[in-house]
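> Just need the structure, nothing else, for what follows:
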Amino acid sequence: MWVFTNKGFLSIVQHRDDADTLVVRSRFAGHIKALFPSAKVLKTPRADYRYRAFLPRRLVAERLAAYSVRAWASSA
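Model (predicted):
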């Protein structure tokens with residue numbers, strides 16, 4: 001899934017070996033940190049997205065839901 005925010009662009013996919021883990025990917029480390037401040041961001045220079053973080057599915061869902069509500073409310 002692609003996520004566009006006013007703080008950046010993320011690509012989020014399921015981890016290939018663990019259905020409870022999502023891989024949050026971005027071309028810029030700051031885009032991941034903007035939505036997931038506590039994430040450990042790894043640099044993967046040879047990958048399609050240079051930066052990635054492995055996060056629990058539940059955490060990603062909660063953060064995206066909270067961000068969506070705030071973003072929608074402030075845009076009205």
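
> starting at the chain centroid, how far to stretch 36-50?
Mean C-alpha position of stretch 36-50 versus that of the full chain (Cα atoms, centre = their mean, to the nearest Å) differs by 10 Å.

> what's in contact with that stretch?
11, 24-29, 32-33, 51-55, 59-60, 63 (Cβ atoms under 8 Å, 6 or more residues apart in numbering). Every C-beta, even on glycine, is put in place using the N, C-alpha and C of the backbone.

> Over to stretch 53-66?
Applying Cβ under 8 Å, 6+ apart, the contact partners of stretch 53-66 are 3, 12, 14-15, 19-24, 32, 35-36, 39-42.

> I'd like to know the beta-bridge partner residues of the spatially most central residue of the chain.
Residue closest to the average C-alpha location in the chain (Cα atoms, centre = their mean): residue 24, at 4.0 Å. Beta-bridge pairing for residue 24 (DSSP bridges): residue 12, residue 53.
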